[in-house]
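K.L.:
Quick one: sequence plus predicted model below, questions after.
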Amino acid sequence: MILVTGARGVVGYPLCQRLSSQAVKFLAVTRKPAISETSSVSSHIRGQGKWLSWDLDQSLDPISWAHNKSTSAQLTTLIHCAPLWVLQDAHIDALAARGLARIVAFSSTSIEGKSDSSSTHERELIQLLKGAEDRIMRRCQALGINLTILRPSLIYGFGRDQNVSKIAQTIRRFRCMLIVGKGSGLRQPVHADDLVSAALSVIDKPETYGKSYNVVGGETLSYRLMVLRIFAELGVRPIIISLPLWMMRAGLTVLSWISSFGYTADMANRMNKDLVYDCEAAQKDFNYKARAFAPSFDVGAGVSADQD
């Protein structure tokens, strides 16, 4: 049986859909109590899939686990789609005691791309992410659990991301998009469904044990071209307004004060910075392939999803 954390997030949601369609037994972890199976947020849990209410900020209660009928099957694998740092050693220990032998966890290429950010908050997040990778790797080695870490680039898909969907929301609302200079920084947007395929494909591949992989999109394109593709998919006449760096940084700083999205002035700097990563190891070890950038906003576009 597979345990899926972050089950309503940008990767966890389509992962649960895939497992449901393949009649795989799995538990979808959510912070909140069990949700009605007719609810729109639980519609992706079907077939052999069940909900497990577990706030990862808390320890795993062995009593509630034992009395949950969904947990009667043998636990074998954890696919961790929630923020990496919420997976604590105590969680791993508790799951190992219930038979866990395999973990596939999602991190981020931001470990490389944002390490020199001028934002204190972003640098702190990167250190948190790096620390979590190292800690989880050490704990899994000590317990004999086979761990693979996947580091996606800019994730999009199903309207549940905080990247492409945010750009689409801006275009829908203001009918234009602001960029810095030429917006020439290269990007490799990766579709969430390709990350689902990657996670499932590595489970039974020993050559991936104890390793970390970059998993990026199948196309490298400039930030400006990425924005133009989003305009085209939305059917909106493209209006891109180029601003000088100082003006954009000032605007994003103001937005950071009034918005909960997490805008930072450093976002302006990166519009002309290449964020490109090598995924040759993933291609070699588990034949990783990803689609070219093709945004679609037909299903749930613009939906802000909980990251459970």
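P.N.:
Done, it's in. Residues are numbered from 1 along each chain as shown.

K.L.:
mind checking which helix or strand of the protein has the lowest mean pLDDT?
P.N.:
Of all helical and strand segments in the chain, the minimum by mean pLDDT, DSSP states H and E falls on helix 62-67, at a mean of 52.

K.L.:
Toward the C-terminus, what is the element adjacent to that helix?
P.N.:
strand 77-80 (DSSP states H and E).

K.L.:
Would you mark the buried spots in that following strand?
P.N.:
77-80 (16 or more other CB atoms under 10 Å). For glycine as for every other residue, the C-beta is placed from the backbone atoms N, C-alpha and C.

K.L.:
So what touches it?
P.N.:
With contact meaning CB atoms under 8 Å, 6 or more residues apart in numbering, strand 77-80 is reached by 1-6, 15, 87, 95, 100-106, 199, 203.

K.L.:
Just the ones in helices from those, please.
P.N.:
In helices, judged by DSSP state H, the following of these are found: 15, 95, 199.

K.L.:
Quick check: phi and psi on the residue found closest to the first one once you drop the neighbours it is linked to in the chain?
P.N.:
What that stands for is Leu15. Nearest non-adjacent residue to Leu15, counting by CB to CB, 6 or more residues apart in numbering: Val196, 4.7 Å away. Phi and psi for Val196, reported as degrees, to the nearest 10, are phi -60, psi -50.

K.L.:
Next up, the contacts around Val196.
P.N.:
11, 14-15, 18.

K.L.:
want to throw those into JSON lines with pLDDT?
P.N.:
Below are these laid out as JSON lines (pLDDT from 0 to 100):
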{"residue": "Val11", "pLDDT": "98"}
{"residue": "Pro14", "pLDDT": "96"}
{"residue": "Leu15", "pLDDT": "97"}
{"residue": "Arg18", "pLDDT": "96"}
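
K.L.:
Could you double-check that Asp274 sits in contact with Gly183?
P.N.:
No: Asp274 sits out of contact with Gly183 when judged by CB atoms under 8 Å, with a separation of 11.9 Å.

K.L.:
Between the two, which is the more surrounded one?
P.N.:
Gly183 (20 against 15; other CB atoms under 10 Å).

K.L.:
Where does the more buried one sit: helix, strand or coil?
P.N.:
coil (DSSP: H, G, I helix; E, B strand; the rest coil).

K.L.:
and stretch 74-90, which residues are buried?
P.N.:
75, 77-88.

K.L.:
Please apply the same query to stretch 167-183.
P.N.:
Result for stretch 167-183 [16+ other CB under 10 Å]: buried residues 167-169, 171, 177-181, 183.

K.L.:
Check the separation of the first and last residues in it.
P.N.:
One end of stretch 167-183 sits 14 Å from the other (CA to CA, to the nearest Å).
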